[in-house]
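Asker: I would like to see how this sequence folds:
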Amino acid sequence: MADKKALLIIDMLNDFVGKGAPIEVPGAESIIGPIKQEIEKARVSGYPIIYLCDCHQENDPEFDLFPPHAIRGTEGSMIISELKPQGTDILVRKNTFSGFYNTGLEQMMTKLGVGEVIITGLVTNICVFFTAVDAVIRGFKVGVIKNAVIALDQNDHLYALGQMEKVLKANII
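Answerer: Below you'll find the model as predicted:
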């Protein structure tokens, strides 16, 4: 496995961040600054920045679990302006909890020589967690920036961080 890192920014979309969003994540604004710091580190170090973005069709089965959100082509499916991708940043659309499922992310990271992912974004116990699980299953090292992830509920956040650290052997930074 390669030794290059990649920064993953998960679901920092209009439909999750801010007041009145369809799936408003309380406190999501608090992780914008730490994510910006990680982006700057990645740019300085020259490793890839990959945005994993929820993207659904209007009748997506996930809407049986959660309110409609991140519908392809809507403003809600766009990355928040504070974290807008630049230059060589990569955007990967996903339609389920894991950034690896049916997205080509694994092949892309292999081609880029990535062996470790640094994970940030939303939400700790769902998309962050399932992406971390799939990364470990595929042989990638995982780091999670604890002040750059957040969940809908603090207990879920802490539980997911604990599971990633204990079970996945993720480095909780």
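Asker: Residue 47: how many residues sit nearby?
Answerer: As a burial measure, residue 47 scores 18 neighbours (other Cβ atoms under 10 Å). Where C-beta positions appear, they are placed from N, C-alpha and C, glycine not excepted.
Asker: quick one: pLDDT of the residue in the chain sticking out farthest from the centre?
Answerer: For the chain, the residue at maximal distance from the C-alpha centroid (Cα atoms, centre = their mean) is residue 59, at 23.0 Å. Looking at residue 59, its pLDDT is 93.
Asker: Could you list the low-pLDDT ranges of this structure?
Answerer: 1 (pLDDT under 70).
Asker: Show me what stretch 164-173 is in contact with.
Answerer: Contact with stretch 164-173 is made by 118, 129, 132, 133, 136, 141, 142, 143, 144, 145, 146, 161, as judged by Cβ atoms under 8 Å, 6 or more residues apart in numbering.
Asker: want to throw the residues you listed into CSV with neighbour count, distance to residue 15 and secondary structure?
Answerer: Listed next are the contacts of stretch 164-173 as CSV, based on neighbours: other Cβ atoms under 10 Å; distance: Cβ to Cβ, whole Å; DSSP: H, G, I helix; E, B strand; the rest coil:
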residue, neighbour count, distance to residue 15, secondary structure
118, 22, 24, strand
129, 25, 19, helix
132, 28, 22, helix
133, 19, 23, helix
136, 17, 28, helix
141, 18, 30, strand
142, 22, 26, strand
143, 20, 26, strand
144, 26, 23, strand
145, 20, 22, strand
146, 18, 24, strand
161, 20, 24, helix
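Asker: Surely residue 5 is in contact with residue 45?
Answerer: Yes - between residue 5 and residue 45 there is a contact at 7.3 Å, judged by Cβ atoms under 8 Å.
Asker: out of the two, which sits in the busier spot?
Answerer: A direct count of neighbours by other Cβ under 10 Å for residue 5 and residue 45 places residue 5 higher, at 20 against 10.
Asker: for the host helix or strand of that one, packing partners?
Answerer: Taking DSSP states H and E as the definition, one finds residue 5 inside strand 4-10. When contacts are defined as 3 or more Cβ pairs under 8 Å, 6 or more residues apart in numbering; DSSP states H and E, strand 4-10 packs onto helix 32-45, strand 49-54, helix 105-112, strand 114-122.
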